[in-house]
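>>> my questions are about this predicted structure, shown below with the sequence.
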Amino acid sequence: LQYVPTFLLFTDQSGNNAIDQDAQGRVQFHPANWTLQLYQGYQRYSGAMADVGDRITRSIYTTEGSARYEISPKTSMELRGRQSIVDYDDATSGYNQWEAGAFLDYWLTPKFRIGPGLNTGWVDVPGPNQTYQQLLARATYAATEKVEFNGSFGSEIREFQGDEDNRWNPVFSLGVGYRPLENTFLTLDAYRRTETSIALDNQNYTLTGFSASVRQNIASLYSATLAGGYYHAEYQSTVQGVKAARSDDDFFVRVGADWNATG
């Protein structure tokens, strides 16, 4: 169980003051060759969203369940399901999303795992609902004790309950973690995925971007972080007759410092 509140205080525009919340619960069982897991999360955030062009408060409820079975020392199978409910305080366009998936994993070497998988989902939005299927391959590779790669890539076919044609889209998620020194951590992530627009009715957008961060631990109580990234958002209509001409380019840089009061 974990609960983390974040207090946001503004020296200017104090009307934006807020308490963000992150609560999570996870339970796991290991009967024989099975690993069974159930997760429930609640997040309430008040930050900016490029899709809206303003700060907006949203509540996110996430329920996940998974079952993993070890077929042999090198081969395993995983089944999982996920429900996400996203509500926005200052917008009418919240949405619910359900997803189910299956993966087969095989350890080629003690450091390299790869396997095919399939995801299928349904998105309940104020406009025409959507379904999608993703054919994916995922892999993890621990190159050294200090460098690890992970990722998934494949294609998605999305159908719309209205009269819009089906849409094909490549999707991927790639990550690299590097620890050059004992107290120094570097990460690099790249991604491409489809999101539902809450600012524009009957439109989705495809996000393609990357982010990088460096965290330096100082003694045992302090750490400093530098992060940055970029993404491009390309909007598409989900019904015939809606013209989707918008695209966004977003850059960000964040600097942070942490103090662990308890050591």
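That came through, no problem.
>>> counting neighbours, what do you get for the nearest residue to Phe112 once chain neighbours are set aside?
Closest residue to Phe112 apart from its sequence neighbours, by Cβ to Cβ, 6 or more residues apart in numbering: Tyr141 at 4.9 Å. Yep, even glycine has a C-beta here, placed from its N, CA and C like the rest. Tyr141: 16 surrounding residues under other Cβ atoms under 10 Å.
>>> can you pull the contacts of Tyr141?
By Cβ atoms under 8 Å, 6 or more residues apart in numbering, the contact set of Tyr141 is 111-113, 148-150.
>>> Leu174: what secondary structure?
With DSSP: H, G, I helix; E, B strand; the rest coil as the basis, Leu174 sits in strand.
>>> ok, now how distant is it from Leu79?
Going from Leu174 to Leu79 by Cβ to Cβ, to the nearest Å gives 24 Å.
>>> of those two, which one has the most company?
Between Leu174 and Leu79, counted using other Cβ under 10 Å, the more crowded position is Leu174 (16 against 13).
>>> how about that one: which residues does it bridge to?
Judged by DSSP bridges, the bridge partners of Leu174 are Gly151, Ala190.
>>> count of neighbours near the closest residue in space to Gln203 that isn't next to it in sequence?
Spatially, and ignoring its direct neighbours in sequence, Gln203 is nearest to Ser197 (4.5 Å; Cβ to Cβ, 6+ apart). Ser197 has 22 neighbouring residues, counting by other Cβ under 10 Å.
>>> touching, Ser197 and Ser93? I think so.
Yes - taking Cβ atoms under 8 Å as the definition, Ser197 is a contact partner of Ser93 at 7.4 Å.
>>> thinking again about what came up before, enumerate every residue touching the residue nearest to Gln203.
Contacts for Ser197 (Cβ under 8 Å, 6+ apart) come out as 51, 93, 203-205, 235.
>>> let me see the confidence value for it.
The confidence metric pLDDT takes the value 88 at Ser197.
>>> run through the strands of the stretch 101-250 of the chain in chain order.
For the stretch 101-250 of the chain, applying DSSP state E, counting those that start in this stretch gives strands covering 112-124, 130-142, 147-160, 167-181, 184-196, 203-218, 222-237, 247-259.
>>> quick one: strands adjacent to the last one?
Sheet pairing of strand 247-259 (DSSP bridges) gives strand 222-237 (antiparallel).
>>> got it, and the second one?
With DSSP bridges as the criterion, the sheet partners recorded for strand 130-142 are strand 112-124 (antiparallel), strand 147-160 (antiparallel).
>>> could you give the angle of the first one to strand 203-218?
Here strand 112-124 runs at an angle of 130 degrees relative to strand 203-218 (axes from the mean of the first three to the mean of the last three Cα atoms, to 10 degrees).
>>> please work out the average pLDDT along strand 112-124.
The average pLDDT for strand 112-124 rounds to 96.
>>> how far off centre is that strand?
Distance of strand 112-124 from its chain centroid, counting by Cα atoms, centre = their mean, to the nearest Å, is 14 Å.
>>> CA atoms of that strand as CSV?
C-alpha atoms of strand 112-124 as CSV (Å, rounded to 0.1, in the frame of the first residue of the first chain):
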residue,chain,number,x,y,z
PHE,A,112,17.7,-11.5,-23.1
ARG,A,113,13.9,-12.1,-23.1
ILE,A,114,11.6,-11.7,-26.1
GLY,A,115,8.0,-12.7,-27.0
PRO,A,116,5.0,-11.9,-29.1
GLY,A,117,1.7,-10.6,-27.7
LEU,A,118,-1.8,-9.3,-28.5
ASN,A,119,-3.8,-6.5,-26.9
THR,A,120,-7.5,-5.8,-27.6
GLY,A,121,-9.4,-2.9,-26.1
TRP,A,122,-12.5,-0.8,-26.0
VAL,A,123,-12.7,3.0,-25.4
ASP,A,124,-16.0,4.5,-24.2
